[in-house]
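Asks: following is a predicted model, sequence given first.
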2 protein chains.
Amino acid sequence: MSKLFVVGIGPGGTEYMSAQAVEALKQSEIIVGYSGYIEYIKPFIEGKEVFQTGMTGEIERCKYAVSKAKEGKTVSIISTGDAGLYGMAGPILELAPDLNVEIIPGISAAFAAASRLGAPLMHDTALISLSDRLTDYEVIKKRVGLAAEGDFVIALYNPKSKTRSDYIEEAVNIILKFRAPQTPVGIVKNACRNNEKITVTELQKINYDEIDMFSLIIIGNSNTYIQNGKIITPRGYKIK
Amino acid sequence: MSKLFVVGIGPGGTEYMSAQAVEALKQSEIIVGYSGYIEYIKPFIEGKEVFQTGMTGEIERCKYAVSKAKEGKTVSIISTGDAGLYGMAGPILELAPDLNVEIIPGISAAFAAASRLGAPLMHDTALISLSDRLTDYEVIKKRVGLAAEGDFVIALYNPKSKTRSDYIEEAVNIILKFRAPQTPVGIVKNACRNNEKITVTELQKINYDEIDMFSLIIIGNSNTYIQNGKIITPRGYKIK
């Protein structure tokens, strides 16, 4: 029987993949993914058919994976991070309601970045993508404002691209209406990958030039502080 | 040199653990964790000292782990899900700013539950714990309301305990001010564990009796729908 795995491979390195994700890749005859991310699963694809396309080729990849699964093949389509947050799980299920689909969760970028920054999440968190390719920018800004008002820790995905270089600064300005200028901010570029770069700063001191499309931004809540270069959001325990 | 790993083991089964998490456990001389969760890592603790305490024993466990690491031991303290969201990363860093601590991320419950429900996250998501043990209940209710107003997908952690059996119903009533009664809701009890139970329902039809402290609740946004028993939140792609 054919099977279609939607595999969250985590942030990058194979050491962050779950055993289940590795097993799905090994079982598959065909691997489908964004060309920039195939390198992360190299140890598991030898001898298999690999179908890769470039950025914005998501639906083309999904359609190929579905068509091959319908032919009876076992197929894995990969997402970095988790398969179900800004990933391929949604479009696959929309395209293939009748197929035998298994969603394999993975470690999403906010959690990968957080682990490198210390413990910035720890408490109620809003996950927001600043990409307006599929979402109205007014909706995005409204969400940023409400998350700031609610004192959520805020993790910003897709903070920048060539066509929207100023969204991150606009988002920070919205957040500054509710949160102190000294609020800790973590910027992690290529979290848990070879070329990782970690910056710990404050809302008022962000250097926007160092943010790019591979960056994940975490903005602390009103209790978050920096200690020895690590960002910590207290859960509320009486520690001492 | 001593080392303290804070290990997110994911939802439960070893197949959801990252290779890095397994490696940390294997390297450790001492494993520290909540007694109810030690069973999930059984294959990796043979011959090791295991220090376990019951629920609400978090700080006792953290202090033990820190004291042993300070003695020069290699220690792993585990959290289910991710180590940094409602996990042990925060209190460990607060207690031990000078230690050699490595945070190992894991698959948090919202992502585990989502993978069993279909693709309910897919878009901007608010992660909120309904536990008021460490957070003022008014803050929690405010966050639920703002997340609902912002049309976030909402994942509710710790939806119920003996002392707060009605919080989940109050949260749903707040959400109903902003969202349709037919909004899809997923309830996953023991996500990705042996005794898993999955319920797909609607905001207006929730059976509160089937929710307990091992449940994770996901509430869709205004575009979320149910198809063949799966919950799907569209990302916004033109699919057809």
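Replies: Alright, I've got the coordinates.

Asks: give me the domain ranges for chain A.
Replies: Domain ranges of chain A: A:3-107, A:110-232, per the TED database.

Asks: could you work out the end-to-end span of the shortest one for me?
Replies: Right, domain A:3-107. 23 Å (C-alpha to C-alpha, to the nearest Å).

Asks: how about it and chain B, touching?
Replies: Yes: shown here: domain A:3-107 in contact with chain B (C-beta under 8 Å from any C-beta of the partner chain) through A:8, A:10, A:14-20, A:22-23, A:58-59, A:82-87, A:89-95, A:97-98, A:103-107. All C-beta spots, glycine's among them, are computed from the backbone N, C-alpha and C.

Asks: can you redo the domains of chain A as JSON lines with mean neighbour count?
Replies: Converted to JSON lines, these look like this (neighbours: other C-beta atoms under 10 Å in any protein chain shown):
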{"stretch": "domain A:3-107", "mean neighbour count": "21"}
{"stretch": "domain A:110-232", "mean neighbour count": "20"}
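
Asks: kindly reformat these as CSV containing mean pLDDT.
Replies: Formatted as CSV, the domains of chain A follow (pLDDT from 0 to 100):
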stretch, mean pLDDT
domain A:3-107, 96
domain A:110-232, 97
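
Asks: please tabulate those domains in TSV and include distance to B:V139 as additional columns.
Replies: Putting the domains of chain A into TSV (distance: least, C-beta to C-beta, whole Å) gives the following:
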stretch	distance to B:V139
domain A:3-107	25
domain A:110-232	7
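
Asks: quick one: closest of those to B:F51.
Replies: domain A:110-232 (21.0 Å; C-beta to C-beta).

Asks: quick one: pLDDT of A:M1?
Replies: Per-residue confidence (pLDDT) for A:M1: 66.

Asks: for A:K189, see how far away the most centrally placed residue in chain A is.
Replies: Centroid-nearest residue in chain A: A:A109, 3.7 Å away (criterion: C-alpha atoms, centre = their mean). Using C-beta to C-beta, to the nearest Å, we find A:A109 at a distance of 11 Å from A:K189.

Asks: chain A: strands as residue ranges?
Replies: Assigned by DSSP state E, the strands in chain A fall at A:3-8, A:30-34, A:49-53, A:74-79, A:101-104, A:118-119, A:125-129, A:153-157, A:184-189, A:197-202, A:215-219, A:225-227, A:230-232.

Asks: list of residues touching the second one?
Replies: Outside of strand A:30-34, the residues that reach it under the criterion C-beta atoms under 8 Å, 6 or more residues apart in numbering or on different chains are A:25, A:38, A:41, A:45, A:48-55, A:57-58, A:61, A:64-65, A:68, A:73-78, A:80.

Asks: switch the cut-off to 7 Å
Replies: Strand A:30-34 has contacts (C-beta atoms under 7 Å, 6 or more residues apart in numbering or on different chains) with A:25, A:45, A:48-52, A:55, A:61, A:64-65, A:68, A:73, A:75-78.

Asks: coming back round to it: and the domains of chain A: which comes nearest B:K197?
Replies: Among those, domain A:3-107 sits nearest to B:K197 (C-beta to C-beta), with 17.5 Å.

Asks: now the closest one: how far from the chain's centre is it?
Replies: A distance of 15 Å separates the centroid of the chain from that of domain A:3-107, by C-alpha atoms, centre = their mean, to the nearest Å.

Asks: do stretch A:158-167 as well
Replies: 16 Å.

Asks: one step back: closest one to B:A114 among the domains of chain A?
Replies: Across these, closest to B:A114 is domain A:3-107 (C-beta to C-beta), at 4.6 Å.

Asks: contacts only, for A:Y237.
Replies: B:58-59, B:91, B:134 are the contacts of A:Y237 under C-beta under 7 Å, 6+ apart.

Asks: list just the nearest of those to chain A.
Replies: B:L134 (3.1 Å; C-beta to the nearest C-beta).

Asks: pretty sure that closest one contacts A:G236?
Replies: Yes: in this structure, B:L134 is within contact of A:G236 by C-beta atoms under 7 Å, at 3.1 Å.
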